[in-house]
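**Student:** give me a 3D structure for the following:
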Amino acid sequence: MIHLDRVALEIKTVGLYDLILQDVHRIAGKNRVSEDGILEIMERHPQILQDYKQTNVEYNLSNIHLRDVELNMLSEDCKEYGKKVNENLAHLREIEKYTLDFEQSSTLVIIFSIEFFVLFSVQYFIVLLDLKEWQLWIYGMFAMSIVVAWRYARKMRKLYEKNSAIFEEKYIQTLEMIETLDMQGCVKKSALIIEECEEHV
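**Tutor:** Take a look at the predicted model:
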């Protein structure tokens, strides 16, 4: 569902992917690489494509480069199948954020930021407000916040793992359904490809 020609063009021309382009230049050993060259490098170095996907997810851009099936253009025989494809695509876009490694997700960053704020607050209360007689209670509250953060992070990690597995399964299922629609002459797969991201224009 990811359109590799679009990926190569965006890596080459869109500033959002400059760090990835620098990696491409380093691998190629030169400062100018054609789109075909980027495609070849992506084939030999899958991490380039992975970095592209991760960047998109971090910026709420979809790696699903397919538009929904136009149901009103389909015959009755194809319509139900097309509707199921659209439902799957909507669900995939909804849970796509869980395809990131939890360790690299914004959720973990938020948890750490809150804990840092709590630690700063602890120091503020003890030192600046001169509440040394309450410091055991304050440190106790801080310790409890760490436990709560740890439990929440564990819960979120499980959610990421669960939804990532659902995403992989539904992704393969949806691709197969689109191939079936294409073979049955209901839609042309090539007509569903989104070749340009509107957010980048």
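
**Student:** where are the low-confidence patches of this protein?
**Tutor:** For the chain, applying pLDDT under 70 flags the ranges 122-132, 134, 198-201.

**Student:** could you pick out the longest helix of it?
**Tutor:** Here the longest helix in the chain is taken by residue count, with DSSP state H as the criterion, and it is helix 135-183.

**Student:** just list what that one packs against, helices and strands only.
**Tutor:** Helix 135-183 is packed against helix 76-95, helix 106-123, helix 189-192, with contacts defined by 3 or more Cβ pairs under 8 Å, 6 or more residues apart in numbering; DSSP states H and E. No exception for glycine: its C-beta is placed from N, CA and C like everyone else's.

**Student:** compute the inter-axis angle for it and helix 76-95.
**Tutor:** Here helix 135-183 points in a direction 160 degrees away from that of helix 76-95 (axes from the mean of the first three to the mean of the last three Cα atoms, to 10 degrees).

**Student:** buried residues in stretch 53-69, which are they?
**Tutor:** Neighbour-count burial for stretch 53-69 flags 53-57, 61-66, 69 (criterion: 16 or more other Cβ atoms under 10 Å).

**Student:** sorry, back to before: export the helices and strands packed on helix 135-183 as a markdown table, with columns for mean neighbour count and distance to Met144.
**Tutor:** Output for the helices and strands packed on helix 135-183, formatted as a markdown table (neighbours: other Cβ atoms under 10 Å; distance: least, Cβ to Cβ, whole Å):
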| stretch | mean neighbour count | distance to Met144 |
| --- | --- | --- |
| helix 76-95 | 15 | 32 |
| helix 106-123 | 14 | 10 |
| helix 189-192 | 14 | 51 |
